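Q: please find the sequence and the predicted model below.
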Amino acid sequence: MSEDHFEDAAQELPFAYAVALRLARSGAADEVIAQALGIEPAGVPAALALARAKLAAVEAGHEEWKVH
């Protein structure tokens, strides 16, 4: 996904999910992401999985608009 496309989609996510994805894309360690989200580092993989699922749903919504 291009950076512009990612940013457009990320703007539609709840703030915490967008922050988590942006940090992950920049190569931040789980500890940094956890601190930004106020969670334990062990919870970062689950938080990122949920954020990615929400991002995919946003992207799917955009594709639906293009088809119709």
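A: All right, it came through fine.

Q: centre of the chain to stretch 31-41, how far?
A: 14 Å (C-alpha atoms, centre = their mean, to the nearest Å).

Q: ok, and what's touching it?
A: The contact list for stretch 31-41, computed with C-beta atoms under 8 Å, 6 or more residues apart in numbering, reads Ala16, Val19, Ala20, Leu23, Ala24, Asp30, Gly43, Val44, Ala47, Leu48. Glycine gets a C-beta too; all of them are placed from N, C-alpha and C.

Q: three-state assignment of the spatially most central residue of the chain?
A: Centroid-nearest residue in the chain, with C-alpha atoms, centre = their mean: Leu21, separated by 3.5 Å. With DSSP: H, G, I helix; E, B strand; the rest coil as the basis, Leu21 sits in helix.

Q: point out the other helices and strands that the lowest-mean-pLDDT helix or strand in the chain packs with.
A: Least confident helix or strand, the chain: helix 3-10 with a mean of 79, by mean pLDDT, DSSP states H and E. Judged by 3 or more C-beta pairs under 8 Å, 6 or more residues apart in numbering; DSSP states H and E, the packing partners of helix 3-10 are helix 15-25, helix 44-67.
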